[in-house]
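# After the sequence you'll find the predicted model.
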Amino acid sequence: MTAAANRSIIALCGSPRVGGNTDLLVDACLQGAREAGLGGEKFQLNQLQIRPCQECGGCLKSGQCVIGDDMPKIYSYLRQARGLILASPIFFGSLTAQTKALIDRGQCCWVAKYLLKTPFFPQEAKIPGVFLCVGGMNRYQFFQNAQQIVKVWFTIMNIRYLSELFYPGIDQKGQIKRHPLAIQQAMRLGRYLAQIILESV
Ligand SMILES: Cc1cc2nc3c(=O)[nH]c(=O)nc-3n(C[C@H](O)[C@H](O)[C@H](O)COP(=O)(O)O)c2cc1C
């Protein structure tokens, strides 16, 4: 992770397949944002150390997670970010394990916000976030399922759920490039995200 993520958009890509469909959508979304005047940085969750929540209660007194992995770094970038792109393919009707591990580690933020009343993320200005999702099958319920989980996490993290792009029926690596609209739509969403952020200054 570099300092470039400070005060820009951060993109968290939850697919293990680098160069896969989700990854390509994230790149297009970031490109759109750049074209609209706001840079961003992508993180591959699969390449970070994110242990699943241990339900140890270590966060109950301080609101801070006691697991020493890459999550504190992600939190520090999220606190400084002006916008978020979260992306995951559908795995078994839900988000990938990499994405869900990230989300479950939001438990310390839930504790800070609701039990300790000392929110970890600034409450006054919600940053906007978008959700990108691809699935091999044509089952819209899977996307709704994933969307509900992401929305809960966004609420805990004080991220405003701005919009989403869902692409069913996309299975092979890189297949999203052959979709007639997907890459353009992801670029357009990135531009929109950047515009919303820049207009709010
Ligand atoms: C372990 C695993 C589970 C999957 N489960 C589902 C599923 O439940 N529903 C679905 O529509 N696609 C499922 N897929 C297909 C992926 O969503 C699809 O291949 C997607 O394009 C992968 O995106 P990526 O290239 O960004 O990794 C699964 C794929 C894998 C590897």
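Okay, I see it.

# show me the contacts for the residue of the chain found nearest the ligand.
In the chain, the residue found nearest to the ligand is G20; the distance is 2.5 Å by CB to the nearest ligand atom. For the C-beta atoms, the positions are set from N, CA and C on the backbone; glycine is no exception. The contact partners of G20, by CB atoms under 8 Å, 6 or more residues apart in numbering, come to P89, K173, G174.

# looking at this structure, which helix or strand is least sure?
Least confident helix or strand of the chain, by mean pLDDT, DSSP states H and E, is helix 71-80 with a mean of 93.

# Now do the same contact list for the residue most central in space within the chain.
Closest residue to the average C-alpha location of the chain: L86 at 2.1 Å, with CA atoms, centre = their mean. The contact partners of L86, by CB under 8 Å, 6+ apart, come to A11, L12, G14, T99, G129, V130, F131, L132, V150.

# how many degrees apart are the helix or strand hosting it and helix 71-80 in direction?
Element membership for L86 (DSSP states H and E) is strand 83-89. Comparing the axes of strand 83-89 and helix 71-80 via axes from the mean of the first three to the mean of the last three CA atoms, to 10 degrees yields an angle of 130 degrees.

# Around the ligand, which positions in the chain sit nearby?
Neighbours of the ligand within the chain, by CB under 6 Å from any ligand atom: 15, 17, 20-23, 89-93, 134-137, 139, 142, 170-171, 173.

# For the least confident helix or strand of the chain, list every residue counted as buried.
Neighbour counts over helix 71-80 (16 or more other CB atoms under 10 Å) mark M71, I74, Y75, Y77, L78 as buried.

# Quick check: the second one touching Q44?
No: counting by CB atoms under 8 Å, I74 sits too far from Q44 to count as a contact (11.9 Å).

# The residue lying farthest from the centre of the chain in helix, strand or coil?
Distance from the C-alpha centroid of the chain peaks at K61, with 26.9 Å (CA atoms, centre = their mean). Recorded secondary structure, K61: coil (DSSP: H, G, I helix; E, B strand; the rest coil).

# for it, phi and psi?
Main-chain dihedrals, K61, degrees, to the nearest 10: phi -90, psi -30.

# Which residue ranges of this structure form strands?
In the chain, the strands defined using DSSP state E lie at 9-13, 40-44, 83-89, 127-134, 159-167.

# Would you tell me which of these gets closest to Y114?
Between Y114 and those, the shortest gap by CB to CB is with strand 159-167, which sits at 16.0 Å.

# No further queries at this time; thank you.
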